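1. need a 3D model of the following:
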Amino acid sequence: MLLLVLGTAAGGGIPQWNCACSGCSGARAHPRRRRRHASLAVRTDDGRWYIVNATPDIGDQIDGRPELHPGPGPRQTPVAGVVLTDAELDHTLGLARLREADTLQVIATDAVRRALLDRLRLGDVLAPYTSLTWRDLPRRGTGPLGGGASGLQVGGIPVSGKRPRYAADAPDDDAWVVALRLYDPSSGATALYAPALAAWPDHFQQAAAEADCVLVDGTFWDDEEPRRTGISTRTATGMGHLPIEGPDGTAERLASLSARCLYTHLNNTNPLVDPAASEHKRLARLGVEVAYDGMVIEL
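-> Numbering: from 1, shown residues only. Predicted coordinates for the structure are as follows:
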């Protein structure tokens with residue numbers, strides 16, 4: 001299994017266009033600190049790629065990886081489709097950026113599909129440009145990611161019923177937000193990708209314990225960070241993100257796993273966006289990493 005980390009930032013990216021916090025200012029002064037919106041690319045057995053979450057940066061993310069470049073035909077692309085973990089704008093706006101495709105395959109839960117089609121009217125908007133083909137993302141089980149039944153498998157593990165703001169009155173569903181489980185039958189390797197994690201249910205713990213690599217929500221360092229930095233009146237957990245440190249923190253949970261564990265989806269207020277921050281040493285002592293844009297993970 002081959003994973004390309006296309007981005008590691010939470011909503012707005014780093015720097016965020018209208019933000020002058022220390023994280024964003026530092027990224028403007030030091031371009032290497034810049035982070036694009038959190039996303040992965042996953043290679044299937046036939047050499048094609050699925051992109052996990054279509055972010056506003058998707059054009060640059062594809063262009064920044066030679067493996068994803070088009071060719072040899074003028075409109076021949078190795079990108080086979082998109083897998084969505086939720087319906088948030090930061091993870092779906094990039095679908096419109098891919099409108100030049102003849103057809104576009106999107107794999108998502110029914111709740112996410114309905115939000116995009118009924119609330120954002122994405123099907124109507126894109127119909128004059130491209131044809132959207134929808135596939136259901138299995139819950140708790142797995143199904144083929146590509147075309148072959150014996151190839152890479154994908155499944156969604158429900159972790160939150162948090163709806164995006166534009167669908168706040170939509171029906172309840174425990175799979176509004178899922179963690180992706182990627183399984184390679186040929187090697188037995190499993191990766192778990194959870195860029196938004198509001199809770200740590202037992203079924204997620206079981207999947208994490210069985211995985212070889214776990215990439216999880218690192219939006220905020222501690223629960224009070226959003227209120228302390230003035231970006232919100234809510235706590236991290238109130239915004240739907242388990243913090244890294246503290247009583248509800250995920251760092252100790254990750255440290256107990258045998259898998260390679262990494263944080264992604266960092267907010268611009270998170271001290272981890274500064275490579276010199278002492279919080280990196282804290283995670284290193286626990287054996288936990290911080291993913292970076294351009295990272296390649298092979299399992």
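
2. relative to the whole chain's centre, how far out is stretch 99-114?
-> Distance of stretch 99-114 from the chain centroid (C-alpha atoms, centre = their mean, to the nearest Å) equals 16 Å.

3. same for the lowest-mean-pLDDT helix or strand in the chain, what does it pack against?
-> Taking mean pLDDT, DSSP states H and E as the measure, the helix or strand of the chain with the lowest value is strand 143-144, at a mean of 92. Under the contact criterion of 3 or more C-beta pairs under 8 Å, 6 or more residues apart in numbering; DSSP states H and E, strand 143-144 touches strand 153-160. C-beta: built from backbone N, CA, C; applies to glycine.

4. which residues sit against the strand it packs on?
-> Contacting residues not belonging to strand 153-160 are listed as 42, 50, 83, 85, 107, 109, 137-145, 174-185, 192, 194, 196-199, 201, 203-204, 207, 240 [C-beta atoms under 8 Å, 6 or more residues apart in numbering].

5. could you pull out the helices for the protein?
-> Ranges of helices within the chain are 22-29, 58-63, 89-92, 94-97, 110-114, 122-126, 202-210, 225-228, 251-255, 279-286, based on DSSP state H.

6. including mean neighbour count, distance to Leu266 and mean pLDDT, could those helices go into TSV?
-> Listed next are the helices of the chain as TSV, based on neighbours: other C-beta atoms under 10 Å; distance: least, C-beta to C-beta, whole Å; pLDDT from 0 to 100:
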stretch	mean neighbour count	distance to Leu266	mean pLDDT
helix 22-29	18	8	97
helix 58-63	18	16	98
helix 89-92	22	13	98
helix 94-97	20	19	97
helix 110-114	20	23	97
helix 122-126	14	27	96
helix 202-210	16	19	97
helix 225-228	18	11	96
helix 251-255	17	14	98
helix 279-286	14	11	98
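
7. format the ones you listed as TSV; extra columns: distance to Asp217.
-> TSV is the format used below for the helices of the chain (distance: least, C-beta to C-beta, whole Å):
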stretch	distance to Asp217
helix 22-29	17
helix 58-63	19
helix 89-92	12
helix 94-97	19
helix 110-114	17
helix 122-126	25
helix 202-210	11
helix 225-228	13
helix 251-255	11
helix 279-286	14
